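A.B. asks: give me a 3D structure for the following:
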Amino acid sequence: FTIFKKSSKYLDLLKKTNYLLWQANKKPIKINEEQILRRKVVSAIKYNKIENKFNKLRKKLDVKKFKPAKGKLREFQLLLLDYMEEIISLLQEEGFSVFLDGGTLLGAVRHGGFIPWDDDIDIAVLGEDYEKVFEFLKSKFIYVDASEITYNEFFFLVDKTIKLHPNQLFVLKTPDSIHIMKGESYEKYLKIDIFPYDYYDDNLTEDAFDNYRNKIKMQTICNPVWRDIINVQKAEIEENKVIVKKSNKIWYGLGNWAFTRFPFLGFRNEDDILPLSIIKFEGKYFPAPAKPESHISKTYKNIFSIPQ
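C.D. replies: Here you go, the predicted model:
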């Protein structure tokens, strides 16, 4: 039985509850952040009271009817919208079949645009196009070599690059995705992440695939330098017999951060993604998987529920 809860966790819960109260057009809870954090802990009774309020709101509200973001976040989202349109058009002109993915696709399916609290863009490509997209972007924009750094140094590299090239597009590749960025500072920059999906052997069972993912995780977890992780990924793509050029089983590729971090909710069928469709996003139309809801349901559980 827990008597106390961390005040930082309590503050986070208060903010999330106030967000739902705003969505419900109800009066927010008054919050004194400084006072809460000064105390370090709060009683479990006090915490549970707010948690119960939050859970009641979660059950009552319909996430599909959430109001869009407001203020500076909304202004930022609209900048991202133009940025996404620019980059996707550029890639389509080069013949790349990119499509909305991750939180951006979830927003399109559930809200017809941005998830109200989202602040970046996720798109994806299939199979061998991933490396081709990267090489094209390297030739088009400022390229930043991130191979010699670790996860902990990513902030410093991005901050340094933005200061050297303010408001100019630059591209870098990490073990998790391709990043296309531009901005005024690390606190205010536009970012698009491009993720790979791969085809997997049709004879591969789900248990065997889970074992394969765990093997890759063990091979990469002990390598802090990104160059070493990327080399492991490249070697696997070139030498393994699990990833194939064409099949009816599709899942995250080896350069996709979700490959080892997301729970496995089953393979996508090829017809979940191809042929690409279009989907409405903030009043504009963008490429999407053939079956957007089916595709995104293999990424997130309960896509029409309010996250905890």
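A.B. asks: what pLDDT does Pro263 get?
C.D. replies: Model confidence at Pro263, given as pLDDT, is 87.
A.B. asks: quick one: the residue lying closest to it once chain neighbours are set aside and Lys163, what's the gap?
C.D. replies: Excluding the flanking residues, the one nearest Pro263 by Cβ to Cβ, 6 or more residues apart in numbering is Lys301, at 8.0 Å. Every residue, glycine included, has its C-beta placed from N, CA and C. Using Cβ to Cβ, to the nearest Å, Lys301 is found at 40 Å from Lys163.
A.B. asks: same deal with Asn256?
C.D. replies: Asn256 is 29 Å from Lys163, where distance means Cβ to Cβ.
A.B. asks: can you pull the contacts of the closest residue to Pro224 other than its chain neighbours?
C.D. replies: Among residues not flanking Pro224 along the chain, Thr150 sits closest, at 4.5 Å (Cβ to Cβ, 6+ apart). Listed by Cβ atoms under 8 Å, 6 or more residues apart in numbering, the contact set of Thr150 reads Pro224, Val225, Trp226.
A.B. asks: and the strands in the stretch 151-300 of the chain, which stretches?
C.D. replies: According to DSSP state E, counting those that start in this stretch, the stretch 151-300 of the chain carries its strands in the segments 170-173, 178-185, 188-200, 243-244, 249-252, 277-281, 284-288.
A.B. asks: between those strands, which gets nearest to Arg110?
C.D. replies: strand 277-281 (11.3 Å; Cβ to Cβ).
A.B. asks: packing partners for that closest one?
C.D. replies: helix 102-111, strand 284-288 (3 or more Cβ pairs under 8 Å, 6 or more residues apart in numbering; DSSP states H and E).
A.B. asks: give me whichever of these is most buried.
C.D. replies: Comparing the helices and strands packed on strand 277-281 by mean neighbour count (mean count of other Cβ atoms under 10 Å), helix 102-111 ranks first with a mean of 22.
A.B. asks: what angle separates it from strand 188-200?
C.D. replies: 90 degrees (axes from the mean of the first three to the mean of the last three Cα atoms, to 10 degrees).
A.B. asks: restricting to C-alpha, output helix 102-111 in PDB.
C.D. replies: Coordinates of each C-alpha in helix 102-111 appear next as PDB, following Å, rounded to 0.1, in the frame of the first residue of the first chain:
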ATOM      1  CA  GLY A 102       2.400   6.800 -36.900                       C
ATOM      2  CA  GLY A 103       0.800   9.700 -35.000                       C
ATOM      3  CA  THR A 104       0.200  11.600 -38.200                       C
ATOM      4  CA  LEU A 105      -1.900   8.800 -39.700                       C
ATOM      5  CA  LEU A 106      -3.600   8.200 -36.400                       C
ATOM      6  CA  GLY A 107      -4.600  11.900 -36.400                       C
ATOM      7  CA  ALA A 108      -5.900  11.600 -39.900                       C
ATOM      8  CA  VAL A 109      -8.000   8.600 -39.100                       C
ATOM      9  CA  ARG A 110      -9.300   9.800 -35.700                       C
ATOM     10  CA  HIS A 111      -9.400  13.600 -35.900                       C
END
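A.B. asks: next, the angle from the helix or strand that it is followed by to strand 178-185.
C.D. replies: Where DSSP states H and E defines the elements, the next helix or strand beyond helix 102-111 is strand 121-126. Put simply, strand 121-126 runs at 160 degrees to strand 178-185, going by the same axes, to 10 degrees.
A.B. asks: so what are the sheet partners of strand 121-126 and their directions?
C.D. replies: Strand 121-126 has its sheet partners listed here by DSSP bridges as strand 99-100 (antiparallel), strand 188-200 (parallel).
A.B. asks: let's have the ones you listed in CSV, adding mean neighbour count.
C.D. replies: Shown next, in CSV, are these (neighbours: other Cβ atoms under 10 Å):
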stretch, mean neighbour count
strand 99-100, 26
strand 188-200, 21
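A.B. asks: could you check how far Gly112 is from Lys65?
C.D. replies: Distance, Gly112 to Lys65, by Cβ to Cβ: 11 Å.
A.B. asks: between the two, who's got more neighbours?
C.D. replies: Taking neighbours as other Cβ atoms under 10 Å, Gly112 and Lys65 compare with Gly112 leading, 14 against 8.
A.B. asks: buried ones in the longest helix along the chain?
C.D. replies: The residue-count maximum for a helix in the chain (DSSP state H) belongs to helix 71-93. Across helix 71-93, burial judged by 16 or more other Cβ atoms under 10 Å covers Phe76, Gln77, Leu80, Leu81, Tyr83, Met84, Ile87, Ile88, Leu90, Leu91.
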